[in-house]
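A.B. asks: make a model of this:
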Amino acid sequence: MARIKALDVTFPLFAFEKDDRSMYLIESPERFLYHLEAIDIENGEYLFWDSTGAGVCVSVTRGVIEQVAYGDQPMTLPQAFEAYAQALKLQMYRGQSPLDIWRSLQSRLPPRKTLWSRLFGGD
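C.D. replies: Okay, here's the model as predicted:
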């Protein structure tokens, strides 16, 4: 696997999926493909920002992430958080750092069902 060139981008990164308005936190360059697929990044299905809210562009070549660098995005990170919160039917509290907003939203998500409860309908 090629080494990702991250040009002074401050991790973690926020990834916003444009179709379903979901968001993911990318903790480090090594965790890029934990939630995301390279082909989806290459096809422009995600928008990215660093932990300060600056826009980030991600370059993919033949299924491998090659470069992560600063660049403009068509929406701001606060707008992405607002869309994400609306999709989850949560209220977003402004005036916090991006990581604090993320943690606040994540703390109010309903608990995930266990495999057992999904299979057998229990709690």
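A.B. asks: for stretch 73-80, measure first residue to last.
C.D. replies: For stretch 73-80, the first-to-last residue distance is 11 Å (Cα to Cα, to the nearest Å).
A.B. asks: cool, stretch 35-55 as well?
C.D. replies: For stretch 35-55, the separation between the terminal residues is 19 Å (Cα to Cα).
A.B. asks: would you map the helices across this protein?
C.D. replies: 38-42, 77-87, 98-107, 115-120 (DSSP state H).
A.B. asks: check which helices and strands the first one is in contact with.
C.D. replies: Judged by 3 or more Cβ pairs under 8 Å, 6 or more residues apart in numbering; DSSP states H and E, helix 38-42 is in contact with strand 55-61, strand 64-70. Where you see a C-beta, it was placed from the backbone N, CA and C, and this is true even at glycine.
A.B. asks: the last one pairs with which strands?
C.D. replies: Paired neighbours of strand 64-70 in the sheet (DSSP bridges): strand 5-6 (parallel), strand 55-61 (antiparallel).
A.B. asks: averaged pLDDT, that strand. What do you get?
C.D. replies: Across strand 64-70, pLDDT averages out at 89.
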